[in-house]
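1. I need the structure of the sequence given here:
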Amino acid sequence: MSRTKDQAAAVLPTLPSALRLPSISRNWKHLTDTADRDGWPAANLLSCLLEIEMAERASRRIQRHREQSGLPAGKTFATFDFDFPSGIRKPHLLSLATGEGWIESGGNILIFGQSGTGKTHVIAAIGHALIDAGRRVLFSTTTEMVQKLQAARRELSLPSMLDKLDKYDLIVLDELSYVRKDQCPVLPHCSPVRTTLHRHHRQRAFLRMVGRFSRSRHDSRSHRPPRAPLHYHRDER
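-> Predicted coordinates for the structure are as follows:
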């Protein structure tokens with residue numbers, strides 16, 4: 001199709017929007033002006049416009065996944081004090097945050113320690129880093145997850161909810177030990193959470209759990225000083 005420069009300029013403002021290419025719609029004018037001035041080959045101009053669209057789509061996708069994740073805002077490695085608590089090695093945490101070697105292989109991670117030792121911050125920071133790397137993450141307290149699964153089971157919509165959970169690469173369960181027996185009277189043998197984790201372990205090996213694990217407030221052992229403020233256990237598979 002042959003068009004004059006004026007004809008092309010007349011239709012260009014509407015085409016990107018019609019094709020749902022908002023980044024190209026915002027940038028085509030100054031880039032085509034630059035291309036005309038500097039004598040860019042057509043392929044260079046096209047690749048530049050497409051790269052901008054791809055980059056901005058990726059940025060919007062990451063932002064959308066972050067908003068949908070439920071992760072605490074601001075609890076990232078950038079705001080984490082690696083000097084506290086002791087017993088945590090920065091290189092190892094940053095290695096976990098890449099997801100390599102444990103998400104695809106089906107490893108579980110439990111992070112446990114007494115109150116105020118940074119457990120939630122650590123698991124949230126890992127989650128934020130994985131979202132930045134393009135993975136889907138869901139953060140929930142274990143109590144909230146139990147309640148949602150129980151409601152879905154009562155409403156006969158549990159399979160649909162499990163299908164939605166299948167879309168996540170990582171489920172983060174916080175306050176794992178705070179679920180009361182009256183909330184889930186059959187825990188741990190056939191609880192909704194156990195059913196969910198078993199399904200994902202069986203069908204989606206890359207979907208794993210990071211959990212906050214601390215003793216119950218009614219457990220007298222919770223008053224004993226820990227060997228270190230924060231510990232983790234990695235289940236290799």
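
2. how would you label the residue nearest to V172 when sequence neighbours are not counted: helix, strand or coil?
-> With C-beta to C-beta, 6 or more residues apart in numbering as the measure, F139 is the residue that lies nearest to V172, at 4.4 Å, once sequence neighbours are left out. Every residue, glycine included, has its C-beta placed from N, CA and C. Following DSSP: H, G, I helix; E, B strand; the rest coil, F139 is assigned to strand.

3. L173 now?
-> Classification of L173 by three-state DSSP places it in strand.

4. That one: neighbouring residues, count only.
-> Residues lying near L173 (other C-beta atoms under 10 Å) number 25.

5. again, but for the one 3 residues further on
-> Residues within reach of L176, counting by other C-beta under 10 Å, total 21.

6. From M161, how far off is M145?
-> Separation of M145 from M161 (C-beta to C-beta, to the nearest Å) stands at 10 Å.

7. and these two? which has more neighbours close in?
-> M145 (20 against 17).

8. Please verify my assumption that the more buried one contacts V172.
-> No. Between M145 and V172 there is no contact under C-beta atoms under 8 Å: 10.0 Å.

9. Could you look up the SS state of L110?
-> strand.

10. could you pull out the strands for the protein?
-> Per DSSP state E, the chain carries strands over the ranges 108-113, 137-141, 170-174, 208-213, 230-235.

11. top helix in the protein by residue count?
-> Longest helix of the chain, by residue count under DSSP state H: helix 42-69.

12. And the pLDDT at the residue nearest to the spatial centre of the chain?
-> Closest residue to the average C-alpha location of the chain: V137 at 2.6 Å, with C-alpha atoms, centre = their mean. Looking at V137, its pLDDT reads 93.

13. show me the contacts for it.
-> Going by C-beta atoms under 8 Å, 6 or more residues apart in numbering, V137 touches H65, S69, L71, G127, L130, I131, Y168, D169, L170, I171, V172.

14. Closest one of these to I88?
-> The closest of these to I88 turns out to be G127 (C-beta to C-beta; 16.5 Å).

15. Now do the closest residue to that closest one other than its chain neighbours against H128, distance only.
-> Nearest residue to G127, sequence neighbours excluded (C-beta to C-beta, 6+ apart): V137, at 4.4 Å. Going from V137 to H128 by C-beta to C-beta gives 8 Å.

16. Tell me how far the residue nearest to V172 lies from I171.
-> Here F139 is placed at a distance of 8 Å from I171 (C-beta to C-beta).

17. do the same with H121
-> Applying C-beta to C-beta, the value for H121 to I171 is 18 Å.

18. and what of G127?
-> Note on G127: its distance to I171, by C-beta to C-beta, is 10 Å.

19. And the two? Which one has more around it.
-> Neighbours per residue, other C-beta under 10 Å: of G127 and I171, the larger number sits with G127, 26 against 22.

20. hang on, that one packs against D169?
-> No. With contact defined as C-beta under 8 Å, G127 does not count as touching D169 (10.2 Å).

21. got the domain boundaries for the protein?
-> Domain assignment for the chain, taken from automatic domain parsing, gives 5-67, 70-235.

22. Buried deepest among these, which one?
-> Ranked by mean neighbour count, those are led by domain 70-235 with a mean of 16 (mean count of other C-beta atoms under 10 Å).
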